[in-house]
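In: What follows is a predicted structure for the sequence shown.
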Amino acid sequence: MSEETDQNSELTETKNDKHPVYHVVFMHSKFQQEYDDVYMMDLTHALEKRGHEVTIYTSGFNEDDYDIDCLRENVQIKFSGSWIPNSIFGLFGRTLERIKAIWMSLRLVLFPPKPVPKLVVLDIDAIALLILYFFGKHKTIYIHHFPELRASEFYHCSMHVTPDLITAKCINYANDIIVQTKGLFDVCRRTYPKLSVDPVILLPSYDTGLWLEDSIDVKRIIPDLPKDCVLFVAFGEYKKRTNFKLVLDALEHLFSFAENIIKQKIHVAIAGDYNDCSSSQNHHYYDLINKIKNKPYAAQITFLKQIPIIYQKTLIKECTALINPTRHDLYPGAILAAMSLSKPIITVNCGFAVDVMMHRLTGVLVEPDPYKFAKVMVKLALSKTLQHFLGDMSYSHFSAAYSFDRFTTKFNNLILKHLDPNYDPSK
């Protein structure tokens, strides 16, 4: 991607916090605790923090994850399309999502809240963009998550999605399109080569919601964890694309050349989102288990099937470093989370990590070679000074570029660009 494209796609931050406030509507299918749900909720909190009036149109909330009464204190919530099922005996899911989007957008057009909003932020089916453009005259910002890619078994540097005809046509009615990472920016340009606007990159923030809660005792997660161990953690789904095998191969190399004191202290936690209904994940999980059977270091590896947010925070907080073995990763994973907690990161030198990290300052970028990973793990394990230096630099970079305040400022600027006739991006 050219330097000019990067400048156009990144949002300019404003130094002037005094600005008019507006009424903005968000449209989202159903709020659960998935990555995309959290991202949309963070966007609403960002505008609410800047004093804008926010209304959410949604088909529902998972009551275990959200306190509806608490949310109503700050935003208006309008339930729409709740009567439409997600599928019929597992079929017609995409069609029913499109019907929900039509119902939701028509309700906004025919019965708008007061004051009438001029801008809609949405991630529902793109047919809503068509309806809002022709019948509501609303400006729209479309959040493109590319959920199909989250289900992919592999990532590669030239990935794209083949959209259906309606989505391909309707997406051009958006005034702006937001994607979460530079990798998704490239995917978006390859998927929609005739886009009328360049996508805007707005990285998610991690210092919000449950991430602000206190961590727990790590012994509740790994009961047999030695007190003075050197803990490395890796997160991801149990799929081949996550490349957990690289971590196990690196550990085998480490045990072939490291000093005994390091061998005794090393412990690796592999924490993945495990889906019992997925045969491929089940197969990959047991492949990893079988790989370490009868190995001398088998007791020094812990596999975790489920990883709630508080577990993830606790493991990162207690670890020596985060290991990110995924090649060509399109999503942030745990990298930003580790940066927010001042932890060093060892990662492959491609994908999302390259876009947000500085080699040997905020972490170590390594070729996807197990021996090189093992060498870096040993260096970090032996040097407290190096751990603190990388951790401090990582946190400083996070605070300057990826904190919730920065997230809020960038998104607010995008809103003002469309609504404030006096908006000056140079201020």
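Out: Yep, that arrived.
In: Every contact and neighbour count from this point should use C-alpha atoms.
Out: Noted.
In: Let's check: the centremost residue of this protein is which one?
Out: The chain has residue 332 as the residue nearest its centroid, 5.0 Å off, counting by C-alpha atoms, centre = their mean.
In: For the nearest residue to that one once chain neighbours are set aside, which residues are in contact?
Out: Once flanking residues are discounted, residue 332 sits nearest to residue 352: 6.3 Å by C-alpha to C-alpha, 6 or more residues apart in numbering. Contact analysis of residue 352 by C-alpha atoms under 8 Å, 6 or more residues apart in numbering lists 181-183, 328-332.
In: Swap in 7 Å and give it another go.
Out: If you count contacts by C-alpha atoms under 7 Å, 6 or more residues apart in numbering, residue 352 has them with 183, 328-332.
In: Greatest separation within those residues: which pair is it?
Out: Farthest-apart pair in these is 328 and 332; separation 11.1 Å (C-alpha to C-alpha).
In: circling back: where does the residue nearest to residue 332 land on pLDDT?
Out: The model reports residue 352 with a pLDDT of 94.
In: need the contact list for the closest residue to residue 265 other than its chain neighbours.
Out: Nearest in space to residue 265, with sequence neighbours left out and distances taken as C-alpha to C-alpha, 6+ apart, is residue 229 at 4.5 Å. Going by C-alpha under 7 Å, 6+ apart, residue 229 touches 265-267.
In: nearest to residue 38, of the residues you listed?
Out: residue 267 (31.0 Å).
In: Confirm that the closest one sits in a strand.
Out: Yes - with DSSP: H, G, I helix; E, B strand; the rest coil as the criterion, residue 267 is located in a strand.
In: Just the buried subset of the contacts of residue 229, please.
Out: 266-267 (16 or more other C-alpha atoms under 10 Å).
In: Rebuild the contacts of residue 229 as a markdown table, extending it with pLDDT and distance to residue 203.
Out: Below are these laid out as a markdown table (pLDDT from 0 to 100; distance: C-alpha to C-alpha, whole Å):
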| residue | pLDDT | distance to residue 203 |
| --- | --- | --- |
| 265 | 94 | 36 |
| 266 | 96 | 33 |
| 267 | 97 | 31 |
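In: Looking at the contacts of residue 229, spot the one nearest residue 20.
Out: residue 267 (52.9 Å).
In: my guess is that closest one contacts residue 300, does it?
Out: Yes - the pair residue 267 and residue 300 qualifies as a contact (C-alpha atoms under 7 Å) at a distance of 4.8 Å.
In: where does residue 252 land on pLDDT?
Out: For residue 252, the pLDDT comes out at 96.
In: Give me the phi and psi angles of the residue of the chain most remote from its centre.
Out: Distance to the chain centre peaks in the chain at residue 260, reaching 38.3 Å (criterion: C-alpha atoms, centre = their mean). Here is the backbone geometry of residue 260 (degrees, to the nearest 10): phi -60, psi -40.
In: any idea how far it is from residue 370?
Out: 19 Å (C-alpha to C-alpha, to the nearest Å).
In: And residue 258, by the same measure?
Out: Counting by C-alpha to C-alpha - residue 258 and residue 370 are separated by 14 Å.
In: So for the two, which sits in the more crowded spot?
Out: Remark: of residue 258 and residue 370, residue 370 carries more neighbours, 20 against 13, as counted by other C-alpha atoms under 10 Å.
In: Excluding chain neighbours, what is closest to that one?
Out: Of all residues not flanking residue 370 in the chain, residue 250 sits nearest, at 4.1 Å (C-alpha to C-alpha, 6+ apart).
In: ok so, going back, ok, the contacts of residue 229 vs residue 87, which is closest?
Out: Nearest to residue 87 among the contacts of residue 229 is residue 267, at 43.7 Å by C-alpha to C-alpha.
In: what residues are up against that closest one?
Out: 229-232, 300-301.
In: Tell me how far stretch 168-179 lies from the chain's centre.
Out: 21 Å (C-alpha atoms, centre = their mean, to the nearest Å).
In: What is the burial count for residue 176?
Out: 20.
In: My understanding was that it contacts residue 141; is that so?
Out: Yes - between residue 176 and residue 141 a contact is recorded at 4.8 Å, counting by C-alpha under 7 Å.
In: so where do the strands sit in the protein?
Out: With DSSP state E as the definition, the chain shows strands at residue ranges 23-28, 53-58, 76-79, 119-122, 139-143, 176-179, 200-201, 230-237, 266-273, 301-304, 321-324, 345-348, 364-366.
In: closest one to residue 222 among the ones you listed?
Out: strand 301-304 (7.5 Å).
In: what pairs with that closest one, and is each one parallel or antiparallel?
Out: Using DSSP bridges, the strands paired with strand 301-304 are strand 266-273 (parallel).
In: what about the strand it pairs with, distance to the chain center?
Out: Relative to the centre of its chain, strand 266-273 is centred 20 Å away, using C-alpha atoms, centre = their mean.
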